[in-house]
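Enquirer: build me a model:
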Amino acid sequence: AIYVSGSLAFDRIMTFHGNFQDHVLMDKLHMLNISFMVDSMNERRGGCAGNIAYTLALLGEHPVVVAAAGKDFGGYLAHMKEVGVATEGIRIVNDQFTALCYITTDLKGNQITGFFPGALAEPCSYSFPFICSGDLAIVSPGNMDDMARLPDLYREKGVRFIFDPGQQLPVFTDQALIRGVQGSLAYVCNDYELGITCKKLGICDTDMFRYTEWLITTEGEKGSRVRGRDGTDVQIPAAPCSRVADPTGAGDSHRAGLLLGLSRGLSVPEAAKLGSVSASYAIEQMGTQEHSFTREDFKQRYEAAYGPMPIELKKGFQSFGRFSVDRTGLLGRQLTHAHWAIVQLAGHRILAPIIKVRVFVAQPRITSPSSSRPRTPAFHAVNGGSNPPGDAKFENNKERQDVMHLGVLCCFSFRYVFPKSSLVRLHQNILWVYP
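Expert: Residues are numbered from 1 along each chain as shown. Below is the predicted model of the structure:
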């Protein structure tokens, strides 16, 4: 699993068709009172954790978001489930609003920003029931208690993690910052944040390797610089894009590509190339979760910039009702009927006599034409039974399906059989497994 902690927020972006400086009297700064009539306002989904998870879903992964959100989060939550993000790590704080950022931009690109933390002030309190040493995580800007607690947890569990303090960097004390980055796989920041880090700790940039294995510095249009404790120093050029509409969120998208590569066994420099390609799509659109791409598009752009792509992407946004389908498992190979036969035999013959929790292993039948955003296919099952939670429905009883009697312990077993999948759900004593 890939755990993504950080902020969830709404961004309200307003445009002022004038220049702020024309409305500021320099001799009256001590009694500043200014009002602007804005020309447009758009609300978009945002927050570092949400942005990273969105791009990971585009890349075919099912990250687990670890964050807190407010009572107005319902639409955002439904969207995350639709695109394939696992949301069990999100805490809903019913007496708070989701974090909200108001951004007003003038014609020269100057910005006035107001940020209301709302539910972000609350820790997520997720218990990580399925965490194991083979997992990967990122600690991105979010609740400060979480940013202090999670590195300790990941170190204890042997989980590789990236530390990315970002906008929260000025809040950290030097000791808290050292504690966060200590033992991390990588410290990721932009060039300005690296300068703040070194000043805060009283060190030069190469001294960061006392605390972390890799130092990744994003440098905007120049790409990124990847340095390692082993002496590696590689400049990754930025991947070309068709236009630059909005650089906001490019860093988060870069983190998503980086995490994908690391989760698939690539070296850090190779994984950073995936990050550059991911970021190139984000900057082409206004908003941090408005970009999209197909596997073919991504591969073509990668190979135009860096040569043969070292991995194949999974299908992204395979949405089936409230579940997203990841058809890869069993050490990354495509599942075959033979694999399922073994699982079914074990369920029927070994565990069925012992414990009584039913398991549906659903085999989806794609009914929509191929597209970059596949539509919801139909499900089929035998032996009746209730439908899974959400909108997914079983059409009839004639398609090849299997119903097994397994135990609650199989929740854990299936999580390890399918480590990249978030498709195992226990609901009303029925374990639903989506291949």
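
Enquirer: please count neighbours and contacts with C-alpha atoms only from this point.
Expert: Fine.

Enquirer: the closest residue to Lys71 other than its chain neighbours and Glu122, how far apart?
Expert: Closest residue to Lys71 apart from its sequence neighbours, by CA to CA, 6 or more residues apart in numbering: Asn94 at 4.8 Å. From Asn94 over to Glu122 the distance is 11 Å, taken as CA to CA, to the nearest Å.

Enquirer: the more surrounded of those two?
Expert: Glu122 (21 against 13; other CA atoms under 10 Å).

Enquirer: confidence score at the residue nearest to Lys71?
Expert: Asn94 carries a pLDDT score of 94 in this model.

Enquirer: tell me the phi and psi of it?
Expert: With angles defined as degrees, to the nearest 10, Asn94 sits at phi -70, psi -10.

Enquirer: do I have it right that it meets Ala68?
Expert: No: Asn94 is not in contact with Ala68 according to CA atoms under 8 Å; the separation is 10.4 Å.

Enquirer: for the stretch 301-435 of the chain, which spans come out with low pLDDT?
Expert: The stretch 301-435 of the chain contains residues with pLDDT under 70 at 315-435.

Enquirer: run the last query once more with 50
Expert: Applying pLDDT under 50 to the stretch 301-435 of the chain picks out residues 318-341, 344, 348-349, 351-435.

Enquirer: and the stretch 101-250 of the chain, by the same measure?
Expert: For the stretch 101-250 of the chain, counting by pLDDT under 50, not a single residue falls below.

Enquirer: quick one: the helices in it?
Expert: Along the stretch 101-250 of the chain, counting by DSSP state H, counting those that start in this stretch, helices occupy 144-157, 174-181, 191-201, 250-263.

Enquirer: just the ones you listed: most buried one?
Expert: Counting by mean count of other CA atoms under 10 Å, helix 250-263 has the highest mean neighbour count of these, with a mean of 26.

Enquirer: can you name every helix or strand that that helix contacts?
Expert: Under the contact definition 3 or more CA pairs under 8 Å, 6 or more residues apart in numbering; DSSP states H and E, helix 250-263 sits against helix 48-58, helix 268-282.

Enquirer: which of these sits most buried?
Expert: helix 48-58 (a mean of 28).

Enquirer: beyond it, next helix or strand please.
Expert: Downstream of helix 48-58, the first helix or strand assigned by DSSP states H and E is strand 64-70.

Enquirer: how far away is the residue nearest to Lys71 from Ile34?
Expert: 34 Å.

Enquirer: what's the answer for Arg160, then?
Expert: Distance from Arg160 to Ile34, by CA to CA: 48 Å.

Enquirer: what does stretch 111-123 contact?
Expert: Residues from elsewhere that reach stretch 111-123, judged by CA atoms under 8 Å, 6 or more residues apart in numbering: 7-8, 67-70, 92-93, 96-105, 142-146.

Enquirer: which residues does Arg12 bridge with?
Expert: Glu43, Tyr102 (DSSP bridges).

Enquirer: what is the burial count for it?
Expert: By other CA under 10 Å, 18 other residues sit near Arg12.

Enquirer: right, and it touches Arg45 too?
Expert: No: contact criterion CA under 8 Å: Arg12 and Arg45 do not qualify, at 9.0 Å.

Enquirer: excluding covalently adjacent residues, which one is nearest to the residue nearest the centre of the chain?
Expert: By CA atoms, centre = their mean, the chain has its centre lying nearest to Ala53, at 1.7 Å. In space, and not counting its chain neighbours, Ala53 is closest to Pro63: 6.0 Å by CA to CA, 6+ apart.
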